[in-house]
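# Below is the sequence, then the predicted model.
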Amino acid sequence: MPFRGERYRATDRLSRLIAPPYDVITPPERGRLAALDEHNIVHVMLPEAPAGMTSVDRYAWAAERLSAWRATGVLARDPEDALYVMAQGNRLGVFAAVAAEGYEPRRVRPHEQTHPGPKADRLALLRATRTNIESIFLIAPDKGGDLARALAAAVQRPPDTTAELDGVGIRLWVVQGRDLSRFPLPPSPLYIADGHHRYETASAYARENPAADRVLAFVASARDLGLTILPTHRVIFGAGREPAALLDGWRAWFDLAEVPPGVDPLAHLAALGGDRTACLVAWADGRVTALALRRDAPLDSIAGLGASAAVRALDAARVETLVVKAILSASPATPTLRYTADAAEAVDAVRRGGATAAVLLNPTRIEQVFAVADAGDVMPPKSTYFFPKVPSGVVLRPL
């Protein structure tokens, strides 16, 4: 539903004021964003209290800073309810207020498991600021295409605001007045792409404060051609993990072949995985092994592959169980597992960064996200990477 959003008034420097979501910002990146502008949203979203204050004080300090920005006109609330359509590169969506009611009604469906630490952190910030500093990201199946058509119609005029974040252009249209009646929001269910911790936090806060029963959400149509899911590749560090010791075991499950030098590995992987699970394993000696799941692989015999058929069908679940865990357990030396959405970075970590192996995957498809959520199951960690990330600070929602 529409809401009275709060926005930066210095739209000419909005690019210096917005930031990625809190959970993808590393400490060095937090420092870089904070140095861009004293009013960058990261100062409130990931507060660092001045020297001499305790860690608990940082939430109160964030609330004080937010209040000061309002008092001095850095932020101002729009005079009437609105929806906020945003184009981020080629992806279209709309900021709206969605019921923060937990998962029990099944109108909002998750696909990831959450952890108590991030939820406690976000809840402390929400209690202090009483503001949705950033949004969650929801996908609407939009079977009839009503949302996609409404979004396309809303962007036929020049945008109200523009910005850029991490090389991706951002355009914002404020939809108000009579135009709202021509903008049907999609029916439930809606599926969480990003922001599981934030949604659960908002739902917990709504139980404490029934008047705060909605959460800021960016909603995109599953029909949108700009909706992109990247794979998250696995990079493994640890001594004593040699290819020869693993290949024979994998032949029980996969057809194996070496990727010829000079071949684009991602194009090769996409072609190989067109109709079955596939992955590439890059080794420190320069070889790249292609693994394609055999048609007769006895997947039903694998314990721990997943509780539901929807999860057992995922490349991420199969590769994690059969390939990544095999590499991790191939030596008594303690391994380290890292994740990246950048395949070149993963391979470079092996060639020049001291990693033992990199496992490259194809992306999870949006219909698989829906199937896992509909089954009430959760994916393995790092199964999806929706790109680009929804920016924080474009619009806020005071509670």
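Noted; the coordinates are in hand.

# Ignoring the adjacent residues along the chain, who's closest to Gly177?
Computed as C-beta to C-beta, 6 or more residues apart in numbering, the closest residue to Gly177 that is not its neighbour in sequence is Glu80, at 7.4 Å. C-beta here means a position set from N, CA and C on the backbone, and glycine is covered the same way.

# how deep is that neighbour tucked in, by neighbour count?
Look at Glu80: counted by other C-beta atoms under 10 Å, it has 11 neighbours.

# again with Ser181
Neighbours of Ser181 under the rule other C-beta under 10 Å: 7.

# tell me the secondary structure for it?
Of the three states, Ser181 takes helix under DSSP: H, G, I helix; E, B strand; the rest coil.

# okay, it: pLDDT?
Here the pLDDT value assigned to Ser181 is 88.

# any idea how far Ala220 is from it?
Distance from Ser181 to Ala220, counting by C-beta to C-beta, to the nearest Å: 21 Å.

# show me the contacts for the residue nearest to Gly177.
The contact partners of Glu80, taken as C-beta atoms under 8 Å, 6 or more residues apart in numbering, are Arg4, Gln176, Gly177.

# which among these gets closest to Gly167?
Using C-beta to C-beta, the shortest approach to Gly167 within the contacts of Glu80 belongs to Gln176, at 30.3 Å.

# Apart from its neighbours in sequence, what residue is nearest Val44?
Using C-beta to C-beta, 6+ apart and skipping residues adjacent in sequence, the residue nearest Val44 is Ala62, 4.7 Å away.

# what do you get for Val288?
Once flanking residues are discounted, Val288 sits nearest to Val259: 4.1 Å by C-beta to C-beta, 6+ apart.

# How about Ser135?
Leu216 (4.3 Å).

# in its sheet, what does whichever helix or strand that neighbour is part of sit against?
For Leu216, the element it lies in under DSSP states H and E is strand 214-221. If you go by DSSP bridges, strand 214-221 pairs up with strand 91-99 (antiparallel), strand 136-140 (parallel).

# what about those, which gets the closest to Val155?
strand 91-99 (6.8 Å).

# Can you give me the domain boundaries for the protein?
Following automatic domain parsing, one gets these domains for the chain: 6-228+386-398, 232-362.

# Any chance of those in TSV with distance to Met379 as columns?
Below are the domains of the chain laid out as TSV (distance: least, C-beta to C-beta, whole Å):
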stretch	distance to Met379
domain 6-228+386-398	5
domain 232-362	6
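
# and the ones you listed, which one is worst for confidence?
In terms of mean pLDDT, the lowest-scoring of the domains of the chain is domain 232-362 (a mean of 90).

# distance between that domain and the chain's centre?
22 Å (C-alpha atoms, centre = their mean, to the nearest Å).

# so where do the strands sit in the stretch 251-399 of the chain?
Applying DSSP state E, counting those that start in this stretch to the stretch 251-399 of the chain gives strands spanning 254-258, 278-283, 288-293, 336-340, 357-361, 385-387, 397-398.

# Output these as JSON lines; include the columns mean neighbour count.
Converted to JSON lines, those look like this (neighbours: other C-beta atoms under 10 Å):
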{"stretch": "strand 254-258", "mean neighbour count": "15"}
{"stretch": "strand 278-283", "mean neighbour count": "24"}
{"stretch": "strand 288-293", "mean neighbour count": "21"}
{"stretch": "strand 336-340", "mean neighbour count": "14"}
{"stretch": "strand 357-361", "mean neighbour count": "25"}
{"stretch": "strand 385-387", "mean neighbour count": "18"}
{"stretch": "strand 397-398", "mean neighbour count": "20"}
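
# Out of those strands, which is closest to Phe237?
If you check each of the strands of the stretch 251-399 of the chain against Phe237 by C-beta to C-beta, strand 336-340 wins as the nearest, at 4.2 Å.

# ok, and what's touching that closest one?
Contacts of strand 336-340 (C-beta under 8 Å, 6+ apart): 232-238, 324, 328, 346, 349, 355, 382.

# ok, now with 7 Å
Contacting residues not belonging to strand 336-340 are listed as Thr232, His233, Arg234, Val235, Ile236, Phe237, Gly238, Leu328, Ala346, Lys382 [C-beta atoms under 7 Å, 6 or more residues apart in numbering].

# Return the subset of those lying in strands.
His233, Arg234, Val235, Ile236, Phe237 (DSSP state E).

# Would you quantify the distance from the closest residue to the second one other than its chain neighbours to Leu322?
Leaving aside its sequence neighbours, Arg234 sits nearest to Val359 (C-beta to C-beta, 6+ apart; 4.3 Å). The gap separating Val359 from Leu322 is 11 Å, by C-beta to C-beta.

# what's the answer for Val235, then?
On the measure of C-beta to C-beta, Val235 and Leu322 end up 18 Å apart.
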